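Enquirer: With the input below, show me the fold.
(one chain, ligands or ions: 1)
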Amino acid sequence: MFNQPLAPRETQSLDSPVMTDSILTVNNLTKHFKDFTLKNVSFQLPRGYIMGFIGPNGAGKSTTIKLIMNLLRKDGGQISVFGLDNLKYELAVKNRTAFVFDENHYYEELTLRKMGQIVASFYKHWEPQTFDKYLKDFELHSNKKIKELSKGMKMKFSLAVALSHGAELLIMDEPTAGLDPLVRSELLDILATMIQDERKSVLFSTHITSDLDKIADFVTFIHHGEIVLSTSKDDILEKYGLVKGATDLLNEETKSLFLGIKTHNYGFEGLVRDKEMARHFFNERAVVEKPTLEDLLIYTARGVQHD
Ligand SMILES: Nc1ncnc2c1ncn2[C@@H]1O[C@H](COP(=O)(O)OP(=O)(O)OP(=O)(O)O)[C@@H](O)[C@H]1O
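Expert: Numbers count the residues shown, from 1 in each chain. Here you go, the predicted model:
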């Protein structure tokens, strides 16, 4: 069912949760910079799921996210959030969206309580009790100043803010970058809990693919400003295959089966889109295993570079 195109319902009611299957639809999004172009980026995030947005450094993840949040001006395409155009209904979209990114955008000298009060005034549906509950759960003392927080604590504070205004869509740009494994694991648990409310969705950009192995339902992979694939994680892990064999199996014909290949002293490893086809083709001569998302990222990036 995950691969079916989801038709967003263009209901333009602003406050009530819109019953649409797709909470975020990006269609043919284009942005030109001097040395980089985001090319016709399209994907859909269904309501109630977590999507990992992966790609190597400079692939266009932050640019796409900034365009969704209207922090950059697009050159073409459409973005609809909750079935609403993100520019035309910017305020309504922002009230229902939480944005967490890997930079501190709070006043260093303020206490968490004071900062919370200021942030509260930006949102229509601020929930003070929820905010206090998260500060407590995350062991953040409300009388501490922002500048006294560690990187992990700042991330938790951003998350407490993000989760306290009834947002249905949580967009996180590299939230796990620079966090220790314990805090990363806590963050993933929080997201998994959040998603139990089936109205909520998370778009999560990262190049730490092991985080996505644990929690993502969908994966959208961007490379050189283009979407390479956008599908359910299970679909990728079931269909794609990592082939391992002796180098003498490689010739012009067999090489064309691979999205990316790495050769070493003992043989080769390569990623194929169709595991069953590779099993059939190589028969007993090669081993075909389930890839990880990291394999997918590495081999697809290699393959595309070598085209
Ligand atoms: N304001 C800008 N002006 C010019 N070029 C830009 C601007 N913002 C981003 N770029 C370029 O766009 C490309 C994509 O950058 P982007 O930040 O979207 O990548 P990313 O996938 O988020 O990378 P990373 O994982 O390193 O954060 C890069 O080549 C970057 O130099």
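Enquirer: what's the straight distance from one end of stretch 199-209 to the other?
Expert: In stretch 199-209, first residue to last residue: 25 Å (C-alpha to C-alpha, to the nearest Å).
Enquirer: what residues go with each domain of this structure?
Expert: When the chain is parsed with automatic domain parsing, its domains come out as 22-233, 240-306.
Enquirer: Tabulate those (a markdown table), appending mean neighbour count and distance to the ligand.
Expert: Yep, even glycine has a C-beta here, placed from its N, CA and C like the rest. Putting these into a markdown table (neighbours: other C-beta atoms under 10 Å; distance: least, C-beta to the nearest ligand atom, whole Å) gives the following:
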| stretch | mean neighbour count | distance to the ligand |
| --- | --- | --- |
| domain 22-233 | 18 | 3 |
| domain 240-306 | 16 | 11 |
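Enquirer: Next, format the ones you listed as CSV and append mean pLDDT.
Expert: Output for these, formatted as CSV (pLDDT from 0 to 100):
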stretch, mean pLDDT
domain 22-233, 90
domain 240-306, 88
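Enquirer: where along this protein do the helices fall?
Expert: 61-68, 90-95, 112-120, 128-137, 151-162, 181-194, 209-215, 233-239, 252-255, 275-282, 293-306 (DSSP state H).
Enquirer: could you dump these to JSON lines with distance to Gly225?
Expert: JSON lines is the format used below for these (distance: least, C-beta to C-beta, whole Å):
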{"stretch": "helix 61-68", "distance to Gly225": "8"}
{"stretch": "helix 90-95", "distance to Gly225": "24"}
{"stretch": "helix 112-120", "distance to Gly225": "33"}
{"stretch": "helix 128-137", "distance to Gly225": "36"}
{"stretch": "helix 151-162", "distance to Gly225": "27"}
{"stretch": "helix 181-194", "distance to Gly225": "27"}
{"stretch": "helix 209-215", "distance to Gly225": "20"}
{"stretch": "helix 233-239", "distance to Gly225": "21"}
{"stretch": "helix 252-255", "distance to Gly225": "26"}
{"stretch": "helix 275-282", "distance to Gly225": "28"}
{"stretch": "helix 293-306", "distance to Gly225": "11"}
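Enquirer: With respect to Lys39, which of these lies nearest?
Expert: Shortest distance between Lys39 and these, using C-beta to C-beta, is found for helix 61-68: 11.2 Å.
Enquirer: who does the closest one touch, helix- and strand-wise?
Expert: Secondary-structure packing of helix 61-68 (3 or more C-beta pairs under 8 Å, 6 or more residues apart in numbering; DSSP states H and E): strand 22-32, strand 37-46, strand 50-54, strand 76-81, strand 169-173, strand 201-206.
Enquirer: This completes my enquiry, with thanks.
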